[in-house]
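Asks: When you get a sec, could you give me coordinates for this:
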Amino acid sequence: MPDVLVDARGLLCPLPVLRAKKALKVVGPGGLVTVLATDPASVRDFRAFCQQTGCELVEAQADADGVFRTIIRNRLSI
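Replies: Got it, this is the predicted structure:
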């Protein structure tokens with residue numbers, strides 16, 4: 001179960017990543033953030049974000065409705 005759910009549906013890059021970054025500050029190290037996004041570029045953006053910040057990309061999947069669900073575990077203080 002995520003500590004925080006970020007609904008970024010309808011938002012384009014870079015807003016889903018920026019909203020996730022803000023949520024990661026709230027949950028602190030080890031916390032989980034789930035992001036719902038409709039921007040297909042968000043998948044690539046979250047991979048790059050996790051590589052740059054040291055956060056763990058726990059899950060990235062798309063559903064039949066075109067919503068991309070990404071779960072990130074905070075590893076560091078961002």
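Asks: From now on I want contacts and neighbour counts done on CA atoms only, so please keep to that.
Replies: Noted.
Asks: Rounded mean pLDDT for stretch 52-71, please.
Replies: Over the span of stretch 52-71, the pLDDT mean works out to 95.
Asks: do the same with stretch 6-23
Replies: Average pLDDT, stretch 6-23: 96.
Asks: What lies in contact with it?
Replies: 4, 33-39, 41-42, 45-46, 49, 67, 78 (Cα atoms under 8 Å, 6 or more residues apart in numbering).
Asks: filter the residues you listed to the buried ones?
Replies: 4, 33-39, 42, 45-46, 49, 67 (16 or more other Cα atoms under 10 Å).
Asks: Which of these fall in helices?
Replies: When helices are assigned by DSSP state H, the members of the buried ones among the contacts of stretch 6-23 inside them are 42, 45-46, 49.
Asks: sec struct for the residue of the chain most remote from its centre, please.
Replies: The outermost residue of the chain relative to its centre, with distances by Cα atoms, centre = their mean, is residue 64 at 19.0 Å. Of the three states, residue 64 takes coil under DSSP: H, G, I helix; E, B strand; the rest coil.
Asks: residues contacting it?
Replies: Applying Cα under 8 Å, 6+ apart to residue 64 gives no contacts.
Asks: So for stretch 68-78, what gets flagged as buried?
Replies: Judged by neighbour count (16+ other Cα under 10 Å), stretch 68-78 contains these buried residues: 68-75.
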